[in-house]
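Novice: the amino acid sequence is not available; the structure is as follows:
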Ligand SMILES: Nc1ncnc2c1ncn2[C@@H]1O[C@H](COP(=O)(O)OP(=O)(O)O)[C@@H](O)[C@H]1O
Ligand SMILES: Nc1ncnc2c1ncn2[C@@H]1O[C@H](COP(=O)(O)OP(=O)(O)O)[C@@H](O)[C@H]1O
Ligand SMILES: Nc1ncnc2c1ncn2[C@@H]1O[C@H](COP(=O)(O)OP(=O)(O)O)[C@@H](O)[C@H]1O
């Protein structure tokens, strides 16, 4: 199993989530990060003092998937996060030794099996 | 050495931290994430417009431990984060190549050796 | 390729970023975490009720680099995050299987090649 | 229309004489310095309360904006207030209250009172005003009171346009609106213009201030279009304001300020029952809250806090025109209805894809119409005094007044709508009215002002960005605030 | 009890005549329109300042609530204010100030003044009030002033119940409290009821408004129980409010509003030294801050900012009853003591496991008792005027007044305590008074109102959840706001 | 200097008699109770508005502080206000307005009016004041008005010292400043002291209140040194305040409160044209916003929202001295210039490495100087009344008044600068004025008060920490608030 860590633009997230959910991969986590890469900094100005901020807000997406789901998940992100401008982000694939579902105590691939999105309130 | 990444409910954290500290594993990091899994979304409503929020607030717990501490740490989380309801979260085990303590420059297993909780102000 | 995850003091970050950028490694991500380690807790007090907070604010730095950049990046962090007091933080090295640049779809080491900092607005 | 030459203006209608004989006597001798002081104090304090409403609008509009635009809203509020004060001083006051004809006034630019009669108690500007002879206050007190009303009308417009309007574009609108459009409409009724001649009543400005602001807001949002992400696959999305606490602070400040707005509109204190007006105003506001709470529960099926606050504003707007003419029970009914209808109108606007972030259209527009009409329905004989108007239709009066009220509303909407449409379009096709998509996504704070309103905690909310904008580069192109480029 | 038929009420005690002969003369001829205007203006402006205190309570209570409940507090404040206004209009004013007996008034429902004498200067409601003949203000001014006092009392109650009270449950309490309980207690003293007959003095309501509110708050928190996580293994935990800045804004707004609360309680201006009262009020507030800062330093060993703010409120509450009767130095002592004792009482409440998030019990309750008693200790002859009351005990007077003050307090606590206990229990066993554990953990904003008060930045604090609730599913069961289910 | 024994003080200059004959007649008979009530009401309401400015300063200073210090600012504001009230009562009022000599007053400690003449309408404190015979208000009203001015001056000082000043150190400064320094300077002009004798004019305190506060602020920041991270390799860094919305709320509240500050400084209402002053004040504030917006655009090349807000304050400060003496067009010019020069001065201070987080030096200091001088430039004959002063230089008058204004400014800066320097240095070398580097980095909230001002969302901003401090251990040493150690 692998963990996909993608640093993307906020605005790309919604569509990615929907597509992944449609593919049976609604399980994921996101968090706020700030990052720098090829994308240049921008200037903040306050009472005449200016500074260049290199760290821009990005969204970090974490999805742990079964080995054979890695590629299709990465492809979705690649397709939907892409604008062609610097700042589109990067995706990293990290090995994962094991996964455990807290609710059931199950371990291993079964925890990562694709499943449909549950209805609200479920 | 391994990194345990657990996505849990906020309310479970305190007890987990205390138990782990008692076991000599007080070293850890947490952060705010939002996640989706089996737990369904919930509805937000504002001036009549409604939307389903699938990403719910979760706590991400990161603990890097020596290989032979992995199981007892995971067991603690499993026991204390468990309610049996969807949304209890997942635990992932990720391989770690090396660990360095910044204060001393030490590397390797010694950095992760269990130690007692230090008193406030230490 | 490796991911360097460093938990450091906020005040160390700026210099680390500048030094890494000078070395051709401006690409990185940061996020807010709270952590505990050797550093003791501190007391919060409100209307007479007191509690000890063990989780202190830290900055998490994530840098994915080519294998042969790991050491020099770690050295920079070690040097600049070090004060000698408990709470300086820890650095973990985690294996990474692959890296993808979203903008171009490139994969592998080329994605992590050192590059100069881009000018603001780039 | 019938000539009602001896009829007092709706403003003068504030003169709810308590019928104490001494007053008439005093009037013969001319007002005493004490009376002038008392009247001026009331008007100036009323004006201060209305000035304070700017803090209310600031908090309300900041609270209902996105976090990334909070600083920009703050900046727009303070510059709008400044423009309103300077423009109304330069041209607005003269157009509204100077001597002129039924359409506009034409004297008293820059508060120049050289045309004034020697009589220190005269307004010195408008022979009509002097003729009324009721304003025993210096012209500066009257000006102060009127200028803050103008600023309120402008503040309403901006709320509906937030999160996407260009700084420079709005500045231009503000200059034209406060210097020319608002004063002309105000002249028609409060300056003794044609609507006054026809007997139109609007005690403290449900139409003149609120409906006019809301009309401009409607035109503004139509010209601008909705915020990115507001409508998605045709469905309205919630784009919640970032701080309900600040929003509610704004609502309560507005409520407090409205005491000056309505009760201060007596334009004097001696012999006038302003307490009565304050009570009616409070009852309507309270009923508006209850109305909107129930309305939201019925229509949205939620206890929407933002609607509760908006309900208060709706009740206040609705009672603004009739506050001096109706009994307390009628104030309750007027407020309740204003609150009740706000939530369905929010749904309606969503349906027809009009994006109104602060709800100015239901609470200042529709409630303003309702309140103005309510005079024709609920006005009580005892409170109409010497106005010569018949009771409200529901109290057994004639429908005549209702008809006057109706076409007064139509004229306000028509003129303001046309004038602001021209201005907004002119801005759109010259300096531009809306920021670029990238700037809007990045937020106006950083893109127009170079710094976040909350520099230490800016966090974007995933989920608020529609597909349509996925291919934009977001902040990619922003290396410096656009204004400095 | 002793008959003191010619004694003025503590409200009328505001008539600190300056002893100018002209006043007596004027009184014979009846008040002039100018005097009526001046008096009404003072009372209406006082009422506006007290109305503004709602913004103070909103900010104070929002600031001291958890972030996840901030929007719910905002909603409760505005709906409570509305209920207070409507209920006090419907029944409260009649019960408090209508003609009736020593226990309650029975005329003037819905502000119906048809029972009024023809004299426009009379209150038109209560022959007792008319008999005093002192209120040269229209009944609406008097109503406005009284209704906002009632709303203040209600706002106090809610503070202690925040973070866990059900919307619908509190609504019902608000209706009963403002429509019936508060007015009856107010009648006893300010409406000429039995406590007035006995000579009880409470100038602006340390007991009537503040102690009463705090008593209801105490009962409320006892019926509700503490917030989840407040007590852990028997030890009190800090559950800090989420915004000290908003809290402090609330404190300063309350301080400002209190100028109207106390100085406005003269119920008139001509011949009355309201400036004196304003000075005493400020001195006590300032001393309260110093007292609480020192108290917190001694008891908590920290410079607790929330206690500094609470100290101001404690000083203000304590001076509310005696503000017109004591010298400045006594105001300082009264405020200082009120502030000093607040921190130890906070500790005491924690010890006996009473959860009072805003500190209403120390600062409105205990300080209210202290202030009411302080009249019996510090009242100065010169300021008691024609009240016929002896000096304070500490100034060489008798203990008689202290005893009257004491049982007045006891009656207030007893009646309010019993009445609110019945109401809260009735609510608890019917519609419910407290939200479910899941809803409380998820926060009232999302669970009761369907949207966070700060939608863009909601972050929960790890560490605030006790073991006891670990097995709850938190937000698991919340697919929609419970109110719409 | 020339003896101008019959010249009125600049305060008394508020007496812009409208020239109504009745007033003179009334004066002979002594003021009526009604006139006393009207005058007192105006002054007390003015004082309440000025008291409200504390909420403005709180929001402005909290908004411009770092998030980790927000609670500490809140605490300092409320304790400063308290100290100002108590010290001005104890010693300040006597020093400022008691009978004495040209340097200070020496009677009336603790508001003790036993020295007062029997005449209830006299101030009872200062024979000079009585001689003027103009203040038909009770001494308490006058005290209330003056004490809140003193508190404003103190609030200005703190703003520039925020984010790094020790609680206990500032307390001591506050005691000395409000009890001794401010009152002495106030005495020179408003208490009939030597500057008054020389004909110095400062209607509502551009110099006495604002310049004095700014001078102390300058000395304070010089003794303290800049915040950690403000200058880096010699270059000024932006350390933005954490909440522009709260900042702007503060600005608008200050603007509203200034209506009391300036218009209330007539110290009475009957026969005085306070509306005029209110209008001038608004025009200058509005022009200040426009000026600062343009200034920032020219100098910074950004639409800086914090400068827009500061522009309003600059305009208000500048018009404070001349508000009663100039025509509206001059008010606009005065405000515009005050706003325009603020941004370049901000740059200048950055260049010479003076750290002034709220901009007190440009907006209270430089604008205060400018406004005080402006009297000598723009004063109009018609408004100078019986003051016997010649027109402003720009209106064809002599430069004499400008010279008096100039050395009045110099005296204020000199005395305040020297006195506060001694106090700050004494504090620095005893209890300490600045917190430790670790405490500053951790933030004053947790290090001095044991709890964050925003406990649920504290996030530090990376990038604000310079190399110089990298080797400090930050919060390492903070196991408990330092005050409890
Ligand atoms: N080597 C890296 N390690 C960690 N995060 C990175 C790395 N490179 C890029 N990122 C993250 O991806 C975001 C976008 O990177 P981007 O500017 O698109 O880089 P590039 O264009 O070079 O691929 C950055 O803001 C950062 O958060
Ligand atoms: N495959 C995954 N990758 C990353 N995070 C996950 C994954 N699955 C679950 N999570 C995290 O765990 C949280 C809880 O998941 P949960 O709803 O309990 O899933 P399940 O019940 O299917 O185990 C999610 O909100 C998410 O933050
Ligand atoms: N084993 C660990 N797993 C995860 N995070 C850790 C671990 N140890 C330390 N940290 C992170 O590093 C921070 C600093 O640790 P520190 O107190 O310096 O530990 P030590 O002094 O023992 O190296 C912690 O606050 C935490 O965020």
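Specialist: Everything's here; your move. The shown structure was predicted, so the numbers you read here are calculated from the model rather than taken from an experiment. Ligands and ions are numbered 1, 2, ... in the order given.

Novice: and the residue of the stretch 251-400 of chain D found nearest ligand 3, what does it touch?
Specialist: The minimum distance from the stretch 251-400 of chain D to ligand 3, using CB to the nearest ligand atom, falls at residue D:305 (37.2 Å). (C-beta placed from N, C-alpha, C; glycine too.) Shown in contact with residue D:305 (CB atoms under 8 Å, 6 or more residues apart in numbering or on different chains): D:244, D:248, E:71-72, E:74-75, E:449, E:451, E:453.

Novice: so residue D:456 makes contact with residue F:70?
Specialist: No: using CB atoms under 8 Å, residue D:456 is not in contact with residue F:70; the gap is 10.0 Å.

Novice: ok, these two, which is more surrounded?
Specialist: residue F:70 (31 against 20; other CB atoms under 10 Å in any protein chain shown).

Novice: that one in helix, strand or coil?
Specialist: Recorded secondary structure, residue F:70: helix (DSSP: H, G, I helix; E, B strand; the rest coil).

Novice: leaving out chain neighbours, which residue sits closest to it?
Specialist: residue F:453 (3.7 Å; CB to CB, 6 or more residues apart in numbering or on different chains).

Novice: surely residue A:100 meets residue B:82?
Specialist: No: using CB under 8 Å as the test, residue A:100 is too far from residue B:82 to be in contact (10.7 Å).

Novice: what residues are up against the residue in chain A that chain F sits nearest to?
Specialist: Closest contact between chain A and chain F, by CB to the nearest CB, is at residue A:46 (3.6 Å). Shown in contact with residue A:46 (CB under 8 Å, 6+ apart): D:450-451, D:455, F:238-240, F:304, F:306.

Novice: closest one of those to chain C?
Specialist: Nearest member of those to chain C, counting by CB to the nearest CB, is residue D:450, at 12.6 Å.

Novice: what separation do you get for the closest one and residue C:73?
Specialist: Residue D:450 sits 32 Å away from residue C:73 when distances are taken as CB to CB, to the nearest Å.

Novice: neighbour count: these two, which is higher?
Specialist: Neighbour count, other CB under 10 Å: between residue D:450 and residue C:73, residue D:450 has more, with 27 against 24.

Novice: quick check: that one vs residue A:111, distance?
Specialist: 47 Å.

Novice: tell me who's in contact with residue D:296.
Specialist: Going by CB under 8 Å, 6+ apart, the list of residues near residue D:296 reads B:48, D:302-304, D:307-308, D:343.

Novice: before we move on, the earlier item: just give the nearest non-adjacent residue to the residue of chain A closest to chain F, would you?
Specialist: The shortest distance from residue A:46 to any residue other than its chain neighbours is 3.6 Å, reached at residue F:238 (CB to CB, 6+ apart).

Novice: where is the longest helix in chain D?
Specialist: helix D:33-63 (DSSP state H).

Novice: report all helices and strands that that helix contacts.
Specialist: The contact analysis (3 or more CB pairs under 8 Å, 6 or more residues apart in numbering or on different chains; DSSP states H and E) places helix D:33-63 against helix D:70-87, helix D:139-160, helix D:244-258, helix E:33-63, helix F:21-29, helix F:33-63, helix F:244-258, helix F:274-299.

Novice: tell me which of those helices sits nearest to ligand 1.
Specialist: Closest among those, using CB to the nearest ligand atom: helix D:70-87, at 23.7 Å.

Novice: counting contacts, what elements does that closest one pack onto?
Specialist: helix D:33-63, helix D:139-160, helix D:167-176, helix D:444-449, helix F:244-258, helix F:274-299, helix F:305-320.

Novice: circling back: neighbour-wise, which one of the contacts of residue A:46 leads?
Specialist: The contacts of residue A:46, ranked by neighbours (other CB under 10 Å): first place residue F:304, 30 neighbours.

Novice: let me know the distance separating that one from chain E.
Specialist: Using CB to the nearest CB, to the nearest Å, we find residue F:304 at a distance of 22 Å from chain E.

Novice: isn't that residue right up against residue D:445?
Specialist: No: contact criterion CB under 8 Å: residue F:304 and residue D:445 do not qualify, at 11.4 Å.

Novice: mutual contacts of the two, please.
Specialist: Between them, residue F:304 and residue D:445 share the contacting residues residue D:451, judged by CB under 8 Å, 6+ apart.

Novice: could you report the pLDDT at the most centrally placed residue in chain A?
Specialist: Residue closest to the average C-alpha location in chain A (CA atoms, centre = their mean): residue A:61, at 1.9 Å. Here the pLDDT value assigned to residue A:61 is 96.

Novice: which stretches of the chain have low pLDDT?
Specialist: Using chain A here. Applying pLDDT under 70 to chain A flags the ranges A:118-122.

Novice: oops, I was thinking of chain D
Specialist: D:1-30, D:113-135, D:457-485.

Novice: do stretch D:434-441 and chain A meet?
Specialist: Yes: taking CB under 8 Å from any CB of the partner chain as the criterion, stretch D:434-441 and chain A are in contact, through residue D:441.
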